[in-house]
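1. please find the sequence and the predicted model below.
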Amino acid sequence: EVQLVESGGGLVQAGGSLRLSCAVSGFGFDDYGIGWFRQAPGKEREGVSCIGMTDVNTYQNDPVRGRFAVSRDSSKNTVYLDMNNLKPEDTAVYYCAAVTAIYCGYQWEQYEAVSWGQGTQVTVSS
């Protein structure tokens, strides 16, 4: 069974940092890429960052490029989202998902998400 569990959310002041973790089980990183999404109240879910199956390539969407970074530790079956210089507009529930992305690039969100985590709340105060 494919499972993903996020952790690491919380309350942080603007300009601060958080690291989110996505622990995966039931599949290997050669099977799926991992996408990070977020959904703020009253807004549609949007893609944030992606790490592909092969070559460990990564992609950050425009609103977070230069501030967020995604990485993975295969020995721990965990993908990380490092978020720096957080802004109030980053406030959202953050989700990780197993995506059928061999390579992450522009519009990677169009790949199918086959399984989702439960989400973790990130709140950035001004």
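-> On my side now, so go ahead. These numbers come from a predicted model, not from an experiment. Numbers count the residues shown, from 1 in each chain.
2. sketch out the low-pLDDT regions of this structure for me.
-> By pLDDT under 70, the weakly predicted segments of the chain are 55.
3. SS state for the residue nearest to the spatial centre of it?
-> Geometric centre of the chain, nearest residue: residue 36, 2.3 Å, by CA atoms, centre = their mean. With DSSP: H, G, I helix; E, B strand; the rest coil as the basis, the three-state label of residue 36 is strand.
4. ok, now which ones touch it?
-> 20, 22, 47, 48, 49, 50, 70, 81, 94, 95, 96, 97 (CB atoms under 8 Å, 6 or more residues apart in numbering). Quick note: C-beta positions are derived from backbone N, CA and C, even for glycine.
5. what does residue 30 give?
-> Residues near residue 30 by CB under 8 Å, 6+ apart: 53, 54.
6. measure it to residue 102 for me?
-> Separation of residue 30 from residue 102 (CB to CB, to the nearest Å) stands at 10 Å.
7. list residues touching both of those two?
-> Each of 53, 54 lies in contact with both residue 30 and residue 102 under the rule CB under 8 Å, 6+ apart.
8. measure how buried the nearest residue to residue 31 once chain neighbours are set aside is and give me the count.
-> Leaving aside its chain neighbours, residue 31 sits nearest to residue 53 (7.1 Å; criterion: CB to CB, 6 or more residues apart in numbering). For residue 53, the tally of surrounding residues (other CB atoms under 10 Å) stands at 19.
9. surely residue 53 and residue 99 touch.
-> No: the pair residue 53 / residue 99 is not scored as a contact, 9.2 Å apart, by CB atoms under 8 Å.
10. joint contacts of these two?
-> 32, 33.
11. what does stretch 116-123 contact?
-> Residues contacting stretch 116-123 (CB under 8 Å, 6+ apart): 4-12, 18, 20, 22, 38, 83, 86, 90-97.
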